[in-house]
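**Q** Here you go, sequence then predicted model.
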Amino acid sequence: MIASTIENRDDLVSYLNAAMSLEHATIPPYLTAYYSIHSGTNSDAAHIIRVTAVEEMLHLTLAANVLNAIGGKPDLTRPGFVPSYPAYLPDGEDDFTVDLRPFSPEAVETFCKIERPGKAPSADSRLVETPDSRTHFLVSSPTAEKMRFYSIGEFYEEIIEGLEKVAANDPALFHGDPARQVGPEYFYSGGGAITVVTDLQSAQQALRFIAGQGEGLDSGIYDADGELAHYYRFRQLQLGRYYQVGDRPDAPSGPSLSISWDEVHKVKVSVRLADYPAGSELARVARDFNADYGAFLALLTKAFDGRPDLLQEGVCEMFRLRDGFNRLVCNPLPGSGGLHAGPTFEIPAGAGPDPGVSPDAGATDETARTVTR
Amino acid sequence: MTAPSFEKFLSLSVDLTAFEETDLLGTGMAHAYLAKVRAACGDEVVTDLLDAHRAARADAAGGTGSHARTPLDRDLFDRALRHRILSDDRLGPVARNVIKLWYAGMWYALPPEWTDRHGARTAAETSTVTAAAYQEGLLWRAIGANPPGAKAPGYGSWAEPPRIADRYLKGATR
Amino acid sequence: MYAKFPKGAAHRTDPGAAAEVLYDAVVVGGGISGALVALRLSEAGRKVLLLEAGPAEDLTLRGYERYLDRFYSAISKDNQAPYPAVANAPMPRGTDARRITPGAPDASSYIVQSGPFATDTTYTRVLGGTTMHWEGKALRMLPEDFRMRTLYGEGADWPLTYEDLAPYYSEAEREIGVSADVEDQAYLGIGFDEDYVFPMKGLPLSYLDRTVAKDVDGMPVDLDGEHRELRVRPFPQGRNGIPNPAYDGGRGYVPRGAVSAYQVEVGERCQGNNNCVPICPVQAKYNAGKTLALALQSGRVDLVAQAVAHKVHVDESTGRVTEIEYRRYDRPDSPGHTTMRARGRLFVLAANAVENPRLMLASGLRGSSGLMGRNFMDHAYLLAWALLPEVAGTFRGTICTGGITDLRGGRFRSRQAAFTVDIHNDGWGWARGAPMTDLIGLVDSGGRYGESLRQGLVDRVSRQLQLAFMVEVPADPSNRVTVSPDFTDELGNMRPVLSYNVPEYTMRGVAYARQLSRRIFARLGAEDHTAYDPEFWGYAVHDGEGYEIRGGNHLAGTHVMGREPSTSVVDADQRCWDHENLYMVGGGSMPTVGTSNVTLTLAALCLRSVRAMLAQLDSETAPIEVTTGRDQAATTSGETAP
């Protein structure tokens, strides 16, 4: 086994910041696929993707709770928190990019890869070397240079082990203000409840939940709460049938589900602001969306900074973003051969409502190391 | 006769609704609405309506012809629309129906005096366009609300003041 | 957590095989009453057959979305718009209401209306019943509502007190999942157990409510020597809010989301769709499908849908019900059907306060008291509408979040009816079809387009305030449901014939409501736009003033409960005096409706009656006589006959 990459509290903070960035990074791709679906069609697929996206929000919140519990300061407004798409995620042997794609077999394939159960072949292969040519890694090690994780599951396993190690040497590790924790009254999602993190046990529980909800526990298709793991939800879209309790991974036996791949707005893959006609009304709308999204991240940052009650407003903001998202994807993108517009998630600097309150410098440095651009 | 132009229909719709082109396209309904108007009224009426709208813009642009770029004289334009379209017994009811179509997502039957003179088509009866059309009604955005049963605003949002642009609040505030 | 509807449960019971089973209970109706009874009996290990008149489909999210799609596509978005009209199990529709010409019953729609007063009251005949379209207001009745005759000399006394029912109210609030705060709901004698909290925290008042409250809170009202000050108060709601961690002694509450045969995560919290009636798009609002799903999970509840009860058969010597004959249609769109029978130890009619007496009367069972079908009650709604001086953001929130409840009780009830006042978040929708009618008016006759239209809509719609006065209607034996062989439906079932008039007592409350609305509008500085149309189907004149009266779909009274067989149809357990193994449950048992929407109360009554049903099942160990005598062996086992 290679040496742990987590030695102390600062390493943990770096990792948890990276975890939040990772959890968030999956949301724009899911939302792009979800909102590209024509209104009133593809109900099965729409629900599956929507719920997964909502649960990624839960994961983001859980990671924030762990970070807050060890005295960290979550910041979703720092430069680079939102990756530049296409971005890379690891999958062991063949790297793949995560694009912002309309609902399509390719998108589902990517989602399966993101959520794929990924236990490294052996304990010493959890971390693999980063090829020089690839730069946009989401799950790179924030502390070991040029190393990235075999899978998201292994990434969380590293943090869970690191927490144990650091907590053993630092009895005051969980000194964060409990008032900064997001409790169940503030977060309300389909699958899984929020865990308030106050000690090693609850911290590990929160992180195991994240990993388990993504890919299932011990290669089972359901997580600890009896919820179908994300990977298997997406597999249902590939296999055309819902799972039922007792099913084997390759043979779901529940009701069939129907998909019409054509009932989709053909959003340009990983569209950028540069693709929009300069000075056009549409370009302005796309920029406004990014600014609104930036404001949403700023609101979440406030919520994770001692104002958990703001999450209720955050949900309403998400609904408003939904409407803006829907409008964009209905607009044809001029000069793109009939493709449609979509949000670019290029978040303008200073999108936060409180430019005066700057996040602590340490976090920003960590970011720079975490998400190499 | 060539089919009525989608771009001209969009331009007419922007002026009749006071919503931007991206908003109208953003409903995903624009093509279906033009098809509905054509089916209900016939291409000749629609083409004449679009031509009248072009002419009204030209009137307000000072007759230069390049209506798209020249800033419009709003008062002149309003007058031109009233004279050329809204008061026209053939084009007026159709224009009003186009407005209602965008705002309600519903095609309302044309008045009987219109169908008596210009012909009744089955598509002219009151009908919904698609299930999505109701949800895309601009009426709801105009009043800072969601179409009941769709586009939910989120738990507790109703306790906050409505999000209606300030320019519409004047005169209605104490 | 979603409510898992067992896959195939709507089809898994073969009616032919079921006919050979002696069930512990046969329940007619898959609405909230039937679902609650089936759930509790099955939890106690009892085997239940549930007959549902509506179409047979597993409840799935996809099926629910077909309701939604039908709603979106409908031209008329009335409270039945989402639900399929099935000629074999027809249902009344609000748009059916017509003025009634004296002496000429209106038979143009399912309920034959004899008048003299026409009503637009409705109920929904699909799996889940009228809770599919109910608004979700879940008010408890006042203690004084149970003692109206004694206290005020009006209406009737119940054979139960508020205190008797209180524990079942709590149980019903759990089952429905009610969001409210005790501090808002303890008034006019409504008591709660110490430390009681509702399952979920109260939903916030709307901005419109708050705008009204700024002026109305503290408004003095003197009536019959009693002084009170009005306040805008939140209503308890049968929809998911934020779970109260203090619920159930700190164990908390887990909201129940959408019903489906496969895993879904929808409906765990209200999103403010402002469409509770006719359909909550996300099932954050309770519907009886959630309870049915649980009941069916037990494996002890057999469901046969497309099964319209036709006749209750009674053993003439004992008065006991022997079987229910029903007509099972093969397809919703054709009248082809098979006559089937259902047998049980107990029979439970849970079809609602119109269908329950309709079935009894169609079976020739008029009741020894002669009260079967009589004392039909509903709430009489009076609407008053105005424009507020400021933009209040109308058309946001649930249909109704708050209102005025201070005139629900008091000495004035010896003279005039009490009422609850709803502030409608959907503006003048109910009264005048807003906002579509406003749009049409502004465009067609207001010359508005573009910016002036947008301005006009804000001025005209976002300031709307509609008060809905829900006025109590006391029992009156001449208000009644009957049947006649002259009026039958596609399956040959006799249709309900309704005779209804609004009592003077109610009209005095209506007149007072109108006066109060004027005072409220004046206090708000609002422009009163209320005008009652003499051509309206529900136009009623009182003391020279005319009013538009609408129905509330709060059906009650038609198999009234009481202490004496001579003055009631059922006892306090909702058991028929004439038929010891027959329970008629639901609103029909209520002697008064007070000023509460009836669902919560009838749910509490059903939960209470289940105790009596279980006790009766336990005590009646001896096999009962069955008419055919062929399968005596099955009578004690409840299993299929050999």
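**A** It's in. Residues are numbered from 1 along each chain as shown, chains lettered A, B, ... in the order given.

**Q** so where's chain C uncertain?
**A** Low-confidence segments of chain C, defined by pLDDT under 70: C:621-642.

**Q** try 80
**A** Within chain C, the stretches with pLDDT under 80 are C:1, C:263, C:621-642.

**Q** Could you list the contact residues of it toward chain A?
**A** C:7, C:60-62, C:65, C:69, C:72, C:242-243, C:245, C:257, C:261-266, C:268-269, C:271 (C-beta under 8 Å from any C-beta of the partner chain). Placement of C-beta: from N, CA and C, glycine included.

**Q** Can you tell me which of the residues you listed are buried?
**A** C:7, C:60-62, C:65, C:69, C:72, C:242-243, C:257, C:261-266, C:268-269, C:271 (16 or more other C-beta atoms under 10 Å in any protein chain shown).

**Q** From those residues, which land in helices?
**A** Judged by DSSP state H, these include C:61-62, C:65, C:69, C:72 as members of helices.

**Q** With distance to residue C:608 as added columns, please give those in CSV.
**A** Formatted as CSV, these follow (distance: C-beta to C-beta, whole Å):
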residue, distance to residue C:608
C:61, 33
C:62, 36
C:65, 36
C:69, 39
C:72, 40
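
**Q** wait, which of those residues is closest to residue C:24?
**A** Nearest to residue C:24 among those, counting by C-beta to C-beta, is residue C:61 at 31.8 Å.

**Q** Just the pLDDT at the one residue in the stretch 251-373 of chain A that gets nearest to chain B, thanks.
**A** Nearest to chain B, among the residues of the stretch 251-373 of chain A, is residue A:327, at 2.9 Å (C-beta to the nearest C-beta). Predicted confidence (pLDDT) at residue A:327: the value is 97.

**Q** go on, residue A:190?
**A** 51.

**Q** Number of residues surrounding the closest residue to residue B:47 other than its chain neighbours?
**A** Nearest non-adjacent residue to residue B:47, counting by C-beta to C-beta, 6 or more residues apart in numbering or on different chains: residue B:4, 5.0 Å away. Counted with other C-beta atoms under 10 Å in any protein chain shown, the neighbours of residue B:4 add up to 21.

**Q** most centrally placed residue in chain B?
**A** Centroid-nearest residue in chain B: residue B:99, 3.2 Å away (criterion: C-alpha atoms, centre = their mean).

**Q** wait, what's in contact with that residue?
**A** B:16-17, C:443, C:449, C:453 (C-beta atoms under 8 Å, 6 or more residues apart in numbering or on different chains).

**Q** Rebuild the residues you listed as a markdown table, extending it with distance to residue C:288 and secondary structure.
**A** Formatted as a markdown table, the contacts of residue B:99 follow (distance: C-beta to C-beta, whole Å; DSSP: H, G, I helix; E, B strand; the rest coil):
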| residue | distance to residue C:288 | secondary structure |
| --- | --- | --- |
| B:16 | 46 | helix |
| B:17 | 42 | helix |
| C:443 | 41 | helix |
| C:449 | 46 | coil |
| C:453 | 42 | helix |
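
**Q** quick check, nearest of those residues to chain A?
**A** Proximity of the contacts of residue B:99 to chain A (C-beta to the nearest C-beta) peaks at residue B:17, which lies at 14.4 Å.

**Q** What distance do you get for that closest one to residue C:453?
**A** 8 Å (C-beta to C-beta, to the nearest Å).

**Q** so what sits against both of these two?
**A** In terms of C-beta under 8 Å, 6+ apart, residue B:17 and residue C:453 are both contacted by the residues B:99, B:103.

**Q** all helices for chain B, in order.
**A** B:6-17, B:21-26, B:30-41, B:43-60, B:74-81, B:91-104, B:112-118, B:131-135, B:138-142.

**Q** can you put the ones you listed in JSON lines and add mean pLDDT?
**A** Output for the helices of chain B, formatted as JSON lines (pLDDT from 0 to 100):
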{"stretch": "helix B:6-17", "mean pLDDT": "98"}
{"stretch": "helix B:21-26", "mean pLDDT": "98"}
{"stretch": "helix B:30-41", "mean pLDDT": "96"}
{"stretch": "helix B:43-60", "mean pLDDT": "96"}
{"stretch": "helix B:74-81", "mean pLDDT": "96"}
{"stretch": "helix B:91-104", "mean pLDDT": "98"}
{"stretch": "helix B:112-118", "mean pLDDT": "92"}
{"stretch": "helix B:131-135", "mean pLDDT": "95"}
{"stretch": "helix B:138-142", "mean pLDDT": "98"}
